[in-house]
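Trainee: Test case, fold it:
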Amino acid sequence: MSERTESMRETVRALYDRNRQQGHAPWCGLDYDFICPSNGTYPFQWFWDSGFHAIVLTQTDVARAQAELRSLLANQQPDGFVAHVTFWQRERYEEMLKTYSIAYRTPHLSDCIQPAVIGESLEYVARRGGDAKFVAEHLPKVRRYFDWLDRMRDPDRDGLVAVLQPDESGLDQAPKYDEYLKVSPLEKRHEAFTEAWERVANPYQAVGRDHEKMFALDVFVVEDVLVNTIYALGQAALGRLLADAGDAAGARDFEVRAALTRKSLFEKCWDEKAGLFFDLAGNGERKLTTNSVSSLLPLALPELPQEQAKKLIAHLENPAEYAAAYPVPTVAMNEPGYDPGVVGRSLVYRGPSWMNTNWYLTRGLRLHGRPDLADTVVDRSLALVEREGFREYYNPGTGQGNGAKDFSWTALILEMLAEADASR
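Mentor: Have a look, this model is predicted:
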């Protein structure tokens with residue numbers, strides 16, 4: 001292990017000690033132990049955040065990684081659904097919650113999804129010394145969640161799951177949704193995006209958030225490239241875990257499902273002229289042609305065809321698009337909606353660099369023969385954290401850290417450093 005990796009490991013330990021949330025929740029009668037995204041801004045347990053936190057924790061404390069996933073799955077619903085936010089200690093934050101635009105299943109559970117990082121998270125725990133009993137107990141739970149996604153979010157059976165509102169992708173106000181939401185790409189007001197969210201969410205409330213009826217409304221149905229890349233990775237991880245558990249039929253099922261998701265991504269979402277992947281919008285599957293980091297994310301898939309990988313890497317190396325001083329911006333720099341700094345009142349994914357997407361892209365670059373470019377992204381990402389601390393996101397031009405402070409998934413820099421060490 002390199003000296004810089006060991007130093008970052010200790011820094012991450014301290015961050016995760018600061019952001020640890022432990023206690024007992026009377027509303028469900030359960031104990032909880034998780035890392036919140038940020039004490040000052042996001043004190044609750046978010047689904048894909050916890051997936052990332054568990055992966056990082058396998059570098060420092062596998063038992064705590066297990067606790068993270070145990071808490072995340074503790075309130076799984078009978079149908080397999082897992083909320084994108086669990087408000088374990090809601091009563092302490094009622095004033096903060098007045099500012100949230102969220103659909104609730106119960107006062108303590110949201111009624112939305114986020115990208116299914118949890119499939120890979122469980123595999124990281126298993127591969128890095130997780131307790132066999134824990135893996136055996138939680139593999140069926142994660143499988144049930146993926147079964148729920150397959151059953152409830154893929155009505156056309158093409159292997160691509162749909163998000164039904166923009167925040168379900170985790171990318172919230174990304175410019176790629178602007179035209180679909182009828183928001184100007186130059187809009188700076190948070191209120192405009194809240195109104196757009198309500199134009200989607202209010203009709204859903206009117207139909208009782210029934211999935212069949214929400215799809216039929218067709219107000220926001222997006223087969224998102226980032227979401228489905230992560231879904232494909234998670235399905236493949238579950239296939240391997242099921243094979244390890246001796247469930248050959250289950251393993252084969254998930255291998256087939258992952259292959260179908262990849263096939264649809266590679267064929268339906270690929271735009272040959274642009275050399276990019278694009279989300280599919282509406283039941284008619286119209287391409288949303290904004291050039292954003294989602295367009296590059298299939299690089300993280302080992303099975304990505306070589307010619308597609310080359311074209312994505314060319315975009316990453318283009319100084320007009322993604323080759324910023326502090327890569328990788330989450331929107332191409334020549335897009336009208338690109339904004340590298342703080343936009344409005346915390347409008348996110350409109351341009352700044354984020355550590356989670358950097359992690360997926362550096363993994364992909366190593367898979368597809370460009371460890372040199374991966375190392376460049378890792379080195380510049382490390383410089384951001386060392387200079388600005390663990391911020392929610394960073395300006396790709398200046399490196400300024402913005403958004404929440406002590407942001408927990410930014411600790412993915414530790415995973416990126418470990419992967420760089422392993423590749424040498």
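Trainee: Could you give the number of residues near A383?
Mentor: For A383, the count of nearby residues is 14 (other Cβ atoms under 10 Å). All C-beta atoms are positioned from the backbone trio N, CA, C, and that covers glycine.
Trainee: Tell me which residues touch it, please.
Mentor: Y326, G399 (Cβ atoms under 8 Å, 6 or more residues apart in numbering).
Trainee: Could you report the separation of S346 from S353?
Mentor: 16 Å (Cβ to Cβ, to the nearest Å).
Trainee: Check which element follows the least confident helix or strand in the chain by mean pLDDT along the chain.
Mentor: Ranked by mean pLDDT, DSSP states H and E, the weakest helix or strand in the chain is helix 94-97, scoring a mean of 86. Moving toward the C-terminus from helix 94-97, the next helix or strand (DSSP states H and E) is strand 104-106.
Trainee: distance of the residue nearest to L238 when sequence neighbours are not counted from K263?
Mentor: What sits nearest to L238 in space, not counting adjacent residues and going by Cβ to Cβ, 6 or more residues apart in numbering, is F254, at 4.7 Å. Using Cβ to Cβ, F254 is found at 15 Å from K263.
Trainee: Ok, G284 next?
Mentor: According to Cβ to Cβ, G284 and K263 sit 20 Å apart.
Trainee: Between the two, which has more neighbouring residues?
Mentor: K263 (15 against 8).
Trainee: thinking again about what came up before, if you count surrounding residues, which of S346 and S353 has more?
Mentor: S353 (26 against 16).
Trainee: Burial check on the residue lying closest to R387 once chain neighbours are set aside, number of neighbours?
Mentor: With sequence-adjacent residues excluded and distances taken as Cβ to Cβ, 6+ apart, R387 is closest to G399, at 6.5 Å. G399 has 16 neighbouring residues, counting by other Cβ under 10 Å.
Trainee: Helix or strand: which one has G399?
Mentor: Using DSSP H and E, G399 falls outside every helix and strand.
Trainee: is it true that it touches R391?
Mentor: No. Applying Cβ atoms under 8 Å as the test, G399 and R391 come out as separate, 10.1 Å apart.
Trainee: So for the two, which residues contact both of them?
Mentor: Common neighbours of G399 and R391 (Cβ under 8 Å, 6+ apart) are L384.
Trainee: And the helix or strand hosting K141, what does it pack against?
Mentor: Element membership for K141 (DSSP H and E) is helix 132-152. Contacts defined by 3 or more Cβ pairs under 8 Å, 6 or more residues apart in numbering; DSSP states H and E place helix 132-152 against helix 62-73, helix 118-127, helix 225-244, helix 248-268.
Trainee: Let me see the residues that make contact with the shortest one.
Mentor: This means helix 118-127. 47, 50-52, 54-55, 58, 62, 65-66, 69, 72-73, 82, 134-135, 138-139, 142, 145-146, 230, 233-238, 240-241, 244.
Trainee: same thing but at 6 Å, please
Mentor: Residues outside helix 118-127 that contact it (Cβ atoms under 6 Å, 6 or more residues apart in numbering) are G51, A54, I55, T58, A65, V135, V142, L233, G234, A237, L238, L241.
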